[in-house]
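S.K.: Build me a structure from this.
(2 chains)
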Amino acid sequence: MSNETRIASGDSSLEPELDEIVVQRTTGLPSLRLRELVAFHELLYFLVWRDVKVRYKQTALGVAWAILQPLLTVVVFTVFFNRVANVSSGQIAYPVFALSGLVPWLFFANGLALASGSLVASANLVTKVYFPRLVIPIASTLSGLPDFAVAFALLLVVMAGYGIVPVAAIVAAPLALALALGCALGTSLWLSALNVEFRDVRYVIPVLAQLWLLATPVGYSASGVRGMWRAVLALNPMTGALELFRWSVIGADFPSAVTLVVSSSSALAVLVSGAYYFRSTERRFADVI
Amino acid sequence: MSAPPVISCEGLSKEYCLGVRIRGRTLRDALAAVPDRFRHGNQSVDRRRETLWALRDITFEVGRGEVVGIIGRNGAGKSTLLKIIARLTEPTVGRARIRGRLGTLLEVGTGFHGELTGRENIFLNGAILGMRRKEIRERFDEIVAFAEVERFLDTPVKRYSSGMTVRLAFAVAAHLEPEILLVDEVLAVGDVAFQRKCIGKMTDVAQDGRTILFVSHNMGVIQALCGRGIVLESGSVTQDAPIRDAVAHYLKGVEGAAADDLKTRVDRRGWNEVMLASVAVSSPDAAASLATGRPARFTFRLDRTQGFEEASISCRFAIANALGQPIASFSSDVRGARDAQAIDREAVFVCDVEALPLVQGRYRLDVEVHGRSYLQDAIEGAVFFDVEQGVYDGRPVVATASGGDVVIPHRWLD
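M.R.: Numbering: from 1, shown residues only, chains lettered A, B, ... in the order given. Model prediction:
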């Protein structure tokens, strides 16, 4: 109780936690220590800010990549899926359809790529300073948000070009983003923690991202998938995220209840299991990294 | 002491699985271990694994305002102890209670990012060290003034000179005001001046009872800074006493170890593909003893050199005084015109000093062997030797209490 009041009163302590810290072996299921995570929100903020800033400073084209990446991909998708393979997107122009899938997808895939190596990249911090380690992959995942915002703006511009005006449902877009974020974060927690012990993870990620892309209706429409497979596809939380996003932004059909329930549940499952796995391996990070 | 201790360790023990400590274990190893697990069950696999108790049953308390030196030879568990107190790793058994904000003095530039400007790095580094944004903002001007980088605040740190980077890192670290400060020389490698300045600044502000835990090999620094010393030997506390007694106890232990056969010593670092077999300090003219101004020969024998290109092995050593303060260092890597250019095929390094410029007293050698661009072996206090009073450059040299350890050739003019 006294602990909470300390935090609330903005006590200028360096480690805004308990007055007494007990360091001992933790056994069994670890606590997520979410309150501690909240207390370290400033560090989280600075790490996100650093990642974003450094990324734009180090690349020649900087923020332009946030536009070029989805734009070039959508061109490729349009040529191969739409023109060559004749994939149909119903009444919505295919480029708009594909781009509206790519915007949340790239946020997810980039988040995965950034966050999975984040712990190892911060090895010098992990072995020297204490802070809740969850901060690191969370910061990496969140650092994709500015890119997402830019890509989202691009989508709106392209939509305008095709004469599509966003519908009122756009207010629900943050929900779709939250679902994609939860999915990205959960996967990143698993992968970043695994990567500390098994550096193989780095090679798994490109393969995983590619397979995952095929199992997600980015370039094709989930409505073409029938029966049982629809539910299987929904197990992929990104399916729900994409359908929800498309419904809210470009006015596609509202996703089925099954898709929504299954996708949200599996996103939650990945997130919670990832967080617990991360916390249970965290105690070994400084020793094995 | 009436106030409750700020650090109390209760039966701290830490076991390391040697198999797990290897960097970047691969999935293949883990998969390869799976059949074993099925065959033998978890128990027997674990028993087969080599483990090491880095710490065993450590119990002590540190009161508010105490400055405590943690002393011990390589591998005694000093860094592990500090890591547990810093919450970087968990003890296997026992627990540590810490009451108060904890800060660690880090290697220069930990958490700095070259692409970011000085201003940005101050905030980033402050946040990493545990400062709040408000605190950093309050102390920002002070930090900048201290680091003397006003003109370069908006320049990326990668364009800073190394001196500027050090000053900036120092300024941030010095303005962090923890109640408990952990200083590990091994963590804050290299820059002794930096550490001293930091610690000096921190002890300045520390009149309000800052607690410091200090790990160093330099007994001179330890004695100057600490009031109390805790000596660790192979993971256990063997002495917890006022600093003079603790240092004396430690030095006796180091000398005792020097009497052992070098090959049996375990307080060594490095990859140990090649190891020191013996180290000797002798006088090249037979029967004469070591004395100021007389020649001395340092001989280092390695156990083997197979598989090494001779040229890739080098020997570095330092002469340190009895307190462990380094006086001079030598490296076989850096050769001058008067050195033998041909490389000895035997696994022996011999180094001659024509006139020993050391005053009467007791000295020791800290020796490192490098090979294949790794540190192969390092032993502190590999050998101790006594230097007798003598004549240097035609002048009798007398040791004085405050006169230092080294003689410099000189000439008085009228």
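S.K.: Output stretch B:382-402 in PDB, but only the C-alpha positions, please.
M.R.: Written as PDB, here are the backbone C-alpha positions of stretch B:382-402 (Å, rounded to 0.1, in the frame of the first residue of the first chain):
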ATOM      1  CA  ALA B 382      51.900 -15.000 -10.000                       C
ATOM      2  CA  VAL B 383      55.000 -14.400  -8.000                       C
ATOM      3  CA  PHE B 384      56.200 -12.100  -5.200                       C
ATOM      4  CA  PHE B 385      59.700 -10.900  -4.900                       C
ATOM      5  CA  ASP B 386      61.800  -8.700  -2.600                       C
ATOM      6  CA  VAL B 387      64.000  -5.900  -3.800                       C
ATOM      7  CA  GLU B 388      66.900  -5.000  -1.500                       C
ATOM      8  CA  GLN B 389      68.300  -1.600  -0.900                       C
ATOM      9  CA  GLY B 390      70.800  -0.700  -3.600                       C
ATOM     10  CA  VAL B 391      72.500   1.900  -5.700                       C
ATOM     11  CA  TYR B 392      70.900   3.400  -8.800                       C
ATOM     12  CA  ASP B 393      72.800   5.500 -11.300                       C
ATOM     13  CA  GLY B 394      75.600   5.900  -8.800                       C
ATOM     14  CA  ARG B 395      73.300   7.100  -6.100                       C
ATOM     15  CA  PRO B 396      72.200   5.100  -3.000                       C
ATOM     16  CA  VAL B 397      68.400   4.800  -3.000                       C
ATOM     17  CA  VAL B 398      66.600   4.700   0.300                       C
ATOM     18  CA  ALA B 399      62.900   3.800   0.500                       C
ATOM     19  CA  THR B 400      60.800   6.400   2.300                       C
ATOM     20  CA  ALA B 401      57.300   6.100   3.600                       C
ATOM     21  CA  SER B 402      55.900   8.500   1.100                       C
END
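S.K.: which SS state does B:Ala382 fall under?
M.R.: At B:Ala382 the chain is in strand, as set by DSSP: H, G, I helix; E, B strand; the rest coil.
S.K.: Next one: it, what pLDDT does it get?
M.R.: On pLDDT, B:Ala382 comes in at 89.
S.K.: now swap in B:Ala311 and tell me
M.R.: So, for B:Ala311, pLDDT stands at 66.
S.K.: how's chain B carved up into domains?
M.R.: B:57-101+B:178-255, B:262-397 (automatic domain parsing).
S.K.: and the end-to-end length of the longest one?
M.R.: Domain B:262-397 has an end-to-end distance of 33 Å (criterion: C-alpha to C-alpha, to the nearest Å).
S.K.: For the stretch 151-289 of chain A, which residues are neighbours of chain B?
M.R.: Residues of the stretch 151-289 of chain A lying near chain B by C-beta under 8 Å from any C-beta of the partner chain: A:197-200, A:283-284, A:286-289. Any C-beta I mention is one placed from the backbone N, CA and C, and that applies to glycine too.
S.K.: which of those count as buried?
M.R.: Among these, those buried by neighbour count (16 or more other C-beta atoms under 10 Å in any protein chain shown) are A:197-200, A:283-284, A:286-287, A:289.
S.K.: Where does pLDDT dip in the chain?
M.R.: If you meant another chain, say so; for now it's chain A. Across chain A, the stretches falling below the confidence threshold (pLDDT under 70) are A:1-19.
S.K.: wrong one, I was asking about chain B
M.R.: Looking at chain B by pLDDT under 70, you get B:1-2, B:18-50, B:106-109, B:185-208, B:286-287, B:305-307, B:309-311, B:342-346.
S.K.: Can you tell me which of the domains of chain B is nearest to chain A?
M.R.: Closest to chain A of those, according to C-beta to the nearest C-beta: domain B:57-101+B:178-255, at 3.5 Å.
S.K.: I'd like the distance from the closest one to the chain centre, please.
M.R.: 12 Å (C-alpha atoms, centre = their mean, to the nearest Å).
S.K.: and that domain, is it in reach of chain A?
M.R.: Yes: using C-beta under 8 Å from any C-beta, domain B:57-101+B:178-255 reaches chain A at B:83-99, B:101, B:178, B:187.
S.K.: B:Lys263 falls within a strand, correct?
M.R.: No: counting by three-state DSSP, B:Lys263 is not part of a strand but helix.
S.K.: didn't it look like it was pressed against B:Arg304?
M.R.: No: if you go by C-beta atoms under 8 Å, B:Lys263 and B:Arg304 don't touch, sitting 11.3 Å apart.
S.K.: just checking, which of the buried ones among the residues of the stretch 151-289 of chain A next to chain B belong to strands?
M.R.: Members of these lying in strands (criterion: DSSP state E): none.
S.K.: would you say A:Gly62 is within a helix?
M.R.: No: counting by three-state DSSP, A:Gly62 falls outside a helix, being coil.
S.K.: which residue sits closest to it, ignoring its sequence neighbours?
M.R.: Nearest-residue entry for A:Gly62: A:Tyr56, 4.4 Å, with adjacent residues in sequence omitted and distances by C-beta to C-beta, 6 or more residues apart in numbering or on different chains.
S.K.: out of the domains of chain B, deepest packed?
M.R.: Using mean count of other C-beta atoms under 10 Å in any protein chain shown, the stretch among the domains of chain B with the greatest mean number of neighbours is domain B:57-101+B:178-255 (a mean of 20).
S.K.: Any idea how far apart the tips of that domain sit?
M.R.: End-to-end distance (C-alpha to C-alpha), domain B:57-101+B:178-255: 25 Å.
S.K.: Would you mark the buried spots in the biggest helix by length in chain A?
M.R.: As assigned by DSSP state H, the longest helix anywhere in chain A is helix A:257-288. Under the neighbour-count criterion of 16+ other C-beta under 10 Å, helix A:257-288 has A:259-260, A:262-264, A:266-267, A:270-271, A:274-275, A:277-279, A:281-287 buried.
S.K.: ok, B:Ile136 to chain A distance?
M.R.: 9 Å (C-beta to the nearest C-beta, to the nearest Å).
S.K.: That residue contacts B:Ile122, doesn't it?
M.R.: Yes: with contact defined as C-beta under 8 Å, B:Ile136 reaches B:Ile122; the gap is 6.7 Å.
S.K.: Identify the contacts common to those two.
M.R.: Contact criterion C-beta atoms under 8 Å, 6 or more residues apart in numbering or on different chains; residues shared by B:Ile136 and B:Ile122: B:Ile143.
S.K.: Have a look at these two and say which one is more surrounded.
M.R.: For B:Ile136 versus B:Ile122, neighbours defined as other C-beta atoms under 10 Å in any protein chain shown are more numerous around B:Ile122 (28 against 22).
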